[in-house]
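> Based on what follows, work out the 3D shape:
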Amino acid sequence: MAAACARTLCKVGWNILESPAARRSGTVSYLVGNVGAHGSRRAYGTGGTGVRSKLLSSLRGGGGRVLGCAFLLGGGVGLYQTVKYSVQQHLAEEESKVSGGDLKLTLYQYKTCPFCSKVRAFLDYHGLPYEIVEVNPVMRQEIKWSTYRKVPILMVDSDVQLNDSSVIISSLKTYLICNDKSVTDILRCYPELKSVNSSGKEVTEYSNKYWLMLSEAEAAVVYPEKGMQKEERKWREWADDWLVHLISPNVYRTPSEAMAAFDYIVREGKFGTYEGFFAKYVGAAAMYLISKRLKSRHKLQDDVRQDLYKAVNEWVAAIGKKRKFMGGDQPNLADLAVYGVLRVMEGLQSFDDMMANSKVKNWYRRVERASLNHEGRKTHSFPASDQVPSLFSPKLHHA
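I've put the predicted structure just below:
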């Protein structure tokens, strides 16, 4: 509409300039002075007759050319602003598309869950806006609509449900790179598998969950050096299969640490008054005992801190001295996964001890800054011909 108005102003101005009265007028500079002298004091009045008479007299006296110029100038400025706004809007839409901002994301979580923290680290780093629904860990009413009863759950545009932290991260990362494919299309590459474990309990797992579904051309851009994709996948698995199992034994190492941990959990989580009291005291005692069983199951040392220090130092050694992150100059998915797992200990004694007695501090702070500053907002974009091929295409490259 703004553009139409601007074009109308230009047309009116041109018609006035082409009128006989305007062609008989004198110089523009003289007419500007003439209009200023005769019409400046009453041109902005509310009297309709006065305004019309002044306009007509200006037109008869040679003011037509000035009036035409004014219409042309106004129309030109209007067109310029319209085009400028359209360009800015187009660029904003492209930026939103590239950054994934066109998705409406809702994360169902426990704040202190390491798997939920992994997902938040990924979303924050890539600058993806999302809403959080904190789930009550006792009643879990917030996810009663879901047959999948664990967190995190990420809802995309209110109709696509993503389960499992690694599937969420892999599928969204693939979407950011190949954004001509819908999340639903990409999710088909991560089929759900159900099985019964040794305890007779049904468990759900997902195929390919550490893989990005990229074409060869896309993989070459995302992973420019040989071995980068394999390294990323290896350490993402390590974060889930080993590092995360060190958290509970360290957080609940002693009765006082267990109490402090549950005080934090109750404060940050979603509990009712009685639920919070029960969780803080009974939960702390229970988790202290459970942490001893976990220490035995995972064959940890008597001083579980030593296993934590060893693990994070192993991680830092894998990055090496020549790289800021495992991803090079920017964090990759392994960096974000390890950071997300470790972050849940912040504010607790185990975290302070880890920062003081291991080599992880500098790397951790770098990832923290990158996440807070949304440094991964820009991502790769490829021509449509190089996008994710069919699931059964020979060009499909598991990253």
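
> Number of residues surrounding Gly127?
Look at Gly127: counted by other CB atoms under 10 Å, it has 18 neighbours. Just so you know, the C-beta spots here come from the backbone N, C-alpha and C atoms, and that holds for glycine as well.

> The chain should start at 33 in everything you say after this.
New numbering, starting at 33: the last item is Gly159.

> distance between the ends of stretch 231-251?
End-to-end distance for stretch 231-251, by CA to CA, to the nearest Å: 40 Å.

> Show me which residues of it are buried.
238, 240-247, 250-251 (16 or more other CB atoms under 10 Å).

> I'd like to know which elements the one helix or strand Arg152 maps to is packed against.
Using DSSP states H and E, Arg152 sits within helix 146-157. Packing partners of helix 146-157 (3 or more CB pairs under 8 Å, 6 or more residues apart in numbering; DSSP states H and E): strand 137-141, helix 197-209, helix 365-375, helix 393-404.

> Can I get these in a markdown table including mean pLDDT and mean neighbour count?
Shown next, in a markdown table, are the helices and strands packed on helix 146-157 (pLDDT from 0 to 100; neighbours: other CB atoms under 10 Å):
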| stretch | mean pLDDT | mean neighbour count |
| --- | --- | --- |
| strand 137-141 | 97 | 20 |
| helix 197-209 | 97 | 25 |
| helix 365-375 | 98 | 27 |
| helix 393-404 | 98 | 17 |
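
> Reformat the ones you listed as CSV; add distance to Pro169.
Output for those, formatted as CSV (distance: least, CB to CB, whole Å):
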stretch, distance to Pro169
strand 137-141, 10
helix 197-209, 16
helix 365-375, 18
helix 393-404, 25
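
> So which of the ones you listed is nearest Arg265?
Nearest to Arg265, of all those, is helix 365-375, at 8.0 Å by CB to CB.

> ok, and what's touching the closest one?
The contact list for helix 365-375 (CB atoms under 8 Å, 6 or more residues apart in numbering) reads 146, 149-154, 157, 198, 201-202, 205, 263-268, 271-272, 275-276, 279, 344, 347, 357-359, 363, 383, 386, 392, 396, 399-400, 403.

> what about 7 Å?
146, 149-150, 152-154, 157, 201, 205, 264, 267-268, 271, 275-276, 279, 347, 357-359, 396, 399 (CB atoms under 7 Å, 6 or more residues apart in numbering).

> Buried ones from the residues you listed, can you make that a ChimeraX selection?
Selection command for ChimeraX covering only the buried members of the contacts of helix 365-375, criterion 16+ other CB under 10 Å:
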select :146,149,150,152,153,154,157,201,205,264,267,268,271,275,276,279,347,357,358,359,396,399
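
> Show me this protein divided up by domain.
Listed by automatic domain parsing, the domain ranges of the chain are 34-131, 137-430.

> Hmm, Ala316 is touching Ser288, no?
No. Assessed by CB atoms under 7 Å, Ala316 is found out of contact with Ser288, at 9.4 Å.

> More neighbours: these two, which one.
Ala316 (21 against 11).

> give me the number of residues near Gly352?
Neighbours around Gly352, by other CB under 10 Å: 8.

> Repeat that for Asp212.
Neighbour count for Asp212, taken as other CB under 10 Å: 15.

> and it, how far is that from Glu250?
Distance of Asp212 to Glu250, given as CB to CB, to the nearest Å: 12 Å.

> and if you look at Val188?
Computed as CB to CB, the Val188 to Glu250 distance reads 21 Å.

> Please apply the same query to Lys354.
In terms of CB to CB, Lys354 sits 26 Å off from Glu250.

> Any buried residues in stretch 151-169, and which?
Buried residues in stretch 151-169, counted by 16+ other CB under 10 Å: 151-160, 162, 166-167, 169.

> Let's have those in JSON lines, adding distance to Ala311 and pLDDT.
Shown next, in JSON lines, are these (distance: CB to CB, whole Å; pLDDT from 0 to 100):
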{"residue": "Val151", "distance to Ala311": "23", "pLDDT": "98"}
{"residue": "Arg152", "distance to Ala311": "22", "pLDDT": "98"}
{"residue": "Ala153", "distance to Ala311": "25", "pLDDT": "98"}
{"residue": "Phe154", "distance to Ala311": "28", "pLDDT": "98"}
{"residue": "Leu155", "distance to Ala311": "27", "pLDDT": "98"}
{"residue": "Asp156", "distance to Ala311": "27", "pLDDT": "98"}
{"residue": "Tyr157", "distance to Ala311": "31", "pLDDT": "98"}
{"residue": "His158", "distance to Ala311": "33", "pLDDT": "97"}
{"residue": "Gly159", "distance to Ala311": "34", "pLDDT": "96"}
{"residue": "Leu160", "distance to Ala311": "31", "pLDDT": "96"}
{"residue": "Tyr162", "distance to Ala311": "26", "pLDDT": "97"}
{"residue": "Glu166", "distance to Ala311": "14", "pLDDT": "94"}
{"residue": "Val167", "distance to Ala311": "14", "pLDDT": "94"}
{"residue": "Pro169", "distance to Ala311": "8", "pLDDT": "86"}
